[in-house]
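Q: please work out how this folds:
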Amino acid sequence: MPLYAYRCEDCDKHFETLVRSGETPECPACHSIHLDRQLSLIARPAPGGDGGAMEMAGACDGAGACGMCPAMAGMGACG
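A: Residues are numbered from 1 along each chain as shown. Here you go, the predicted structure:
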């Protein structure tokens, strides 16, 4: 089951959801199916090789430089 990020075209809510094959996701706020799938960040193992820690590939520094922090608040985009 892939995890996808979406933006609702009707209410502009940003969210992530697991999508099973054959399912059509819907907005948790307004239940619309008019969604725009967003580019997701990819996690990679952190340096050191312990395998327990992950860091976000291409993620910003948490200061909002990537422009995603406000839009993705609460979704773990910038720790």
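Q: give me the neighbour count for residue 18.
A: Neighbour count of residue 18, defined by other C-beta atoms under 10 Å: 10. Just so you know, the C-beta spots here come from the backbone N, C-alpha and C atoms, and that holds for glycine as well.
Q: so residue 29 makes contact with residue 8?
A: Yes. In this structure, residue 29 is within contact of residue 8 by C-beta atoms under 8 Å, at 6.8 Å.
Q: and these two? Which one has more around it.
A: A count of neighbours by other C-beta under 10 Å puts residue 8 above the other of residue 29 and residue 8, at 21 against 12.
Q: for that one, which non-adjacent residue is spatially closest?
A: Spatial nearest neighbour of residue 8, chain neighbours left out: residue 27 (3.9 Å); criterion: C-beta to C-beta, 6 or more residues apart in numbering.
Q: and what of residue 17?
A: Leaving aside its sequence neighbours, residue 17 sits nearest to residue 25 (C-beta to C-beta, 6+ apart; 5.2 Å).
Q: mind checking the SS state of the one you found?
A: At residue 25 the chain is in coil, as set by DSSP: H, G, I helix; E, B strand; the rest coil.
Q: what stretches of the chain score poorly on pLDDT?
A: 1, 40-79 (pLDDT under 70).
Q: coming back round to it: what touches both of residue 29 and residue 8?
A: Common neighbours of residue 29 and residue 8 (criterion: C-beta atoms under 8 Å, 6 or more residues apart in numbering): residue 15.
Q: send the alpha carbons of the host helix or strand of residue 37 over as PDB?
A: Using DSSP states H and E, residue 37 sits in strand 35-38. Extracted in PDB, the C-alpha atoms of strand 35-38 (Å, rounded to 0.1, in the frame of the first residue of the first chain):
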ATOM      1  CA  LEU A  35      -7.700  15.500  -5.500                       C
ATOM      2  CA  ASP A  36      -4.300  16.500  -6.900                       C
ATOM      3  CA  ARG A  37      -1.500  14.100  -6.000                       C
ATOM      4  CA  GLN A  38       1.500  15.900  -4.600                       C
END
